[in-house]
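K.L.:
sequence? don't have it. structure:
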């Protein structure tokens, strides 16, 4: 009660100045929150872009290092090493295809033999005309 009586006793210009001050403080706080949110989203966006750029630069640097090493080896007269992993992989794929083809050929051949083993028998039915009647 004591505080409310003091506020009522202030002059009109003091009350207007106090309201203006409160509105200014509120506006500054809101602006600060907006700036903080904008800075946070910009930081997240720039972090993603920087990460992508870093990956791109890293892969380009690796490629440049690899090419420089190969160029140095070529100038030194060294032949490039055989790609053993590629050769071994191709051999394994070829072996797998050959095994599959062989298995399919054996399966097809066994089916043909089973057809040759079938024996057909002529059966005379009682209601059919006999050969002697012809």
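P.N.:
It's in. What you are looking at is a predicted structure, and each value in this text was computed from that prediction instead of being measured.
K.L.:
Show me the longest helix that occurs in the chain.
P.N.:
The residue-count maximum for a helix in the chain (DSSP state H) belongs to helix 12-75.
K.L.:
Next secondary structure after it?
P.N.:
Following helix 12-75 in sequence order, the next helix or strand is helix 84-116 (DSSP states H and E).
K.L.:
Averaged pLDDT, that next one. What do you get?
P.N.:
The pLDDT scores in helix 84-116 average 84.
K.L.:
Pull out the buried positions in that helix.
P.N.:
Neighbour counts over helix 84-116 (16 or more other C-beta atoms under 10 Å) mark no residue as buried. Heads up, the C-betas are built off the backbone N, CA and C, glycines and all.
K.L.:
so how far is that helix off the chain centroid?
P.N.:
34 Å (C-alpha atoms, centre = their mean, to the nearest Å).
K.L.:
try stretch 62-79
P.N.:
With C-alpha atoms, centre = their mean, you get 32 Å for stretch 62-79.
K.L.:
cool, stretch 76-86 as well?
P.N.:
Worked out by C-alpha atoms, centre = their mean, stretch 76-86 lies 31 Å from the chain centre.
K.L.:
And stretch 23-31, by the same measure?
P.N.:
The answer for stretch 23-31 is 46 Å, by C-alpha atoms, centre = their mean.
K.L.:
just to revisit the earlier point, chain center to the longest helix of the chain, what's the gap?
P.N.:
With C-alpha atoms, centre = their mean, you get 26 Å for helix 12-75.
K.L.:
Give me the mean pLDDT for it.
P.N.:
Taken as a whole, helix 12-75 has a mean pLDDT of 80.
K.L.:
what's it packed up against?
P.N.:
Packing partners of helix 12-75 (3 or more C-beta pairs under 8 Å, 6 or more residues apart in numbering; DSSP states H and E): none among the helices and strands.
K.L.:
can you rerun that using 10 Å?
P.N.:
Under the contact criterion of 3 or more C-beta pairs under 10 Å, 6 or more residues apart in numbering; DSSP states H and E, helix 12-75 touches helix 2-9.
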